[in-house]
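>>> Sequence first, predicted model second:
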Amino acid sequence: MDFASIFQHVDPLVIITLIAAIAFDYVNGFHDAANSIATVVATRVLSPRFAVAWAAFFNFAALFVVGTAVAKMVGKDVVDLSYVTTAVIFSGLTGAIVWNLITWWFGLPSSSSHALVGGYAGAALARSGIEALKLAGIGKIAAFIVIAPIIGMILGMANQIIVTWIVRKMPPGKLYPLFRKLQLLSSAVYSFSHGSNDAQKTMGIIFALLLASGIPGNVWGHDPVHPDSIPLWIEVLCYAAIAAGTLSGGLRIVKTMGTRLTKLDPMHGFSAETGGGVTILGVSFLGIPVSTTHTITGAIIGVGMVGGLRSVRWILARKILWAWLFTIPASGLFGWGIYRLMSLFGHN
């Protein structure tokens, strides 16, 4: 297969958009890296350098276990594929990246997932109006803005109560070393779940791009190209990009999540990460794209609440909540505006 001759005739915007998709996945990795490592760094179980390497490894490991149900939902259940163009996808991705960078700069743990959905929907809305949107799919994602952190909070709280009861008679001197080791396991579970859900979202966007590109399916790895069949190379590329982004850090948000929201020790960290990780893995197998940021934040708050409502800094929690609520409309507005700008230059 002569790829060089094929790509000579490809719209350069397709290649640029593919690069933008990988860039989003990379930004997602370092933006959401904090969620994977915040508690393990805050409790000093691992140094930031080793923590990001640990998280990146398990981000990528999810490739070999989890399917592509989330990718298929993002790819075909947010925007009607008959309205999708390369310009729509590029605008949506760019809008999501802009919002991610803004919230990263201010240290706010917003959702990369919802930024992607918002940007994509906003760009499609700018091109074709409301009929381009699949409101049932968007509604399901919006519902989990509330459902996912509540489940995470309940599981985090339940874990903390159960663990506290189990170790109630254990000498304090043995608790800290035990939970330092257990937190390595819980951090791995959470990082694995983060990769399983977040890497798939970019897969769905890339696959929508392939469908809209007009390039023969056999070039991409499938002929004919079908929304229910995602080429392996896309899976590998997306998991590698998010793992590479995780290696780049995200320590601004680590401070917010791991030290400012509530006081954490290794036992608290273990309970929060386990609760968040189990929640995300469950919805990943169900094919629901959720916010890993929202879920781990809910779990951390749930763990903190076991020590009393005053153990949680609710002013900061409200600030985070506002960032959650604004993410879809803000990234949608960016996606809408970028598409409008591109259309002035003939990209529709």
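The structure has been received and is ready for your questions. Numbering: from 1, shown residues only.

>>> tell me the phi and psi of residue 133?
Backbone torsions for residue 133, taken as degrees, to the nearest 10, come to phi -90, psi 140.

>>> and it, how many neighbours?
By other C-beta atoms under 10 Å, the residues close to residue 133 number 19. From N, CA and C alone the C-beta is placed, and that goes for glycine too.

>>> Quick one, grab the pLDDT at it.
We have a pLDDT of 90 for residue 133.

>>> While we're on the closest residue to it other than its chain neighbours, how confident is the model there?
In this structure, residue 133 finds its nearest non-sequential neighbour in residue 121, 5.7 Å apart by C-beta to C-beta, 6 or more residues apart in numbering. Listed pLDDT for residue 121 reads 93.

>>> C-terminal to the helix or strand harbouring residue 121, what's the next element?
Assigned by DSSP states H and E, residue 121 belongs to helix 112-128. Under the assignment DSSP H and E, the closest C-terminal helix or strand after helix 112-128 is helix 135-166.

>>> Downstream of that next one, the next helix or strand is which one?
Using DSSP H and E, the first helix or strand after helix 135-166 is helix 172-213.

>>> okay, the angle between that following helix and helix 112-128?
20 degrees (axes from the mean of the first three to the mean of the last three C-alpha atoms, to 10 degrees).

>>> What mean pLDDT does helix 172-213 get?
82.

>>> Output the contacting helices and strands for that helix.
Counting contacts by 3 or more C-beta pairs under 8 Å, 6 or more residues apart in numbering; DSSP states H and E, helix 172-213 is packed against helix 12-42, helix 48-61, helix 69-76, helix 86-105, helix 112-128, helix 232-247, helix 266-285, helix 292-306.

>>> separation between residue 79 and residue 236?
25 Å (C-beta to C-beta, to the nearest Å).

>>> more neighbours, the two?
residue 79 (28 against 13).

>>> Quick check: beta-bridge partners of that one?
residue 133 (DSSP bridges).

>>> What is the burial count for residue 185?
For residue 185, using other C-beta under 10 Å, the count is 13.

>>> And for residue 89?
By other C-beta under 10 Å, neighbour count at residue 89 equals 31.

>>> so what's the closest residue in space to it that isn't next to it in sequence up against?
Closest residue to residue 89 apart from its sequence neighbours, by C-beta to C-beta, 6+ apart: residue 209 at 4.9 Å. Contacts for residue 209 were tallied using C-beta atoms under 8 Å, 6 or more residues apart in numbering; they are 14, 17, 18, 21, 86, 89.

>>> I'd say the last one and residue 121 touch.
So that's residue 89. No. With contact defined as C-beta atoms under 8 Å, residue 89 does not reach residue 121; the gap is 11.7 Å.

>>> Figure out which of the helices and strands packed on helix 172-213 is closest to residue 170.
Ranking the helices and strands packed on helix 172-213 by proximity to residue 170 (C-beta to C-beta) places helix 266-285 first, at 10.7 Å.

>>> I'd like the distance from the closest one to the chain centre, please.
15 Å (C-alpha atoms, centre = their mean, to the nearest Å).

>>> Which secondary structure elements does that helix sit against?
Looks like helix 266-285 contacts helix 12-42, helix 69-76, helix 135-166, helix 172-213, helix 292-306 (3+ C-beta pairs under 8 Å, 6+ apart).

>>> So which bits of that helix are buried?
266-281, 283-284 (16 or more other C-beta atoms under 10 Å).

>>> same question, stretch 127-142
With burial defined by 16+ other C-beta under 10 Å, the residues of stretch 127-142 counted as buried are 127, 128, 132, 133, 134, 137, 138, 140, 141.

>>> and of these, the nearest to residue 63?
residue 141 (22.8 Å).

>>> The closest one contacts residue 115, doesn't it?
No. Using C-beta under 8 Å, residue 141 makes no contact with residue 115, being 11.8 Å away.

>>> circling back: the helices and strands packed on helix 172-213: which one's closest to residue 151?
helix 266-285 (4.8 Å).

>>> Give me the average confidence score over the closest one.
84.

>>> residues contacting the spatially most central residue of the chain?
Centroid-nearest residue in the chain, with C-alpha atoms, centre = their mean: residue 198, separated by 3.8 Å. Residues near residue 198 by C-beta under 8 Å, 6+ apart: 28, 32, 112, 113, 242, 292.

>>> List the residues that contact the nearest residue to the first one once chain neighbours are set aside.
Distances taken as C-beta to C-beta, 6+ apart place residue 112 nearest to residue 28, at 4.2 Å, with adjacent residues excluded. For residue 112, the contact set (C-beta under 8 Å, 6+ apart) comprises 24, 27, 28, 31, 32, 96, 100, 198, 201, 291, 293.

>>> And residue 25, by the same measure?
Residues in contact with residue 25, defined by C-beta under 8 Å, 6+ apart, are 199, 202, 238, 241, 242, 245.

>>> Save these as TSV, and put in distance to residue 54 and neighbour count too.
Below are the contacts of residue 25 laid out as TSV (distance: C-beta to C-beta, whole Å; neighbours: other C-beta atoms under 10 Å):
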residue	distance to residue 54	neighbour count
199	17	29
202	22	29
238	20	28
241	18	23
242	15	32
245	15	27
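
>>> And for residue 344, the neighbour number?
Using other C-beta under 10 Å as the criterion, the residues surrounding residue 344 number 7.

>>> Repeat that for residue 14.
Neighbours around residue 14, by other C-beta under 10 Å: 19.

>>> Not counting sequence-adjacent ones, nearest residue to it?
residue 213 (4.7 Å).
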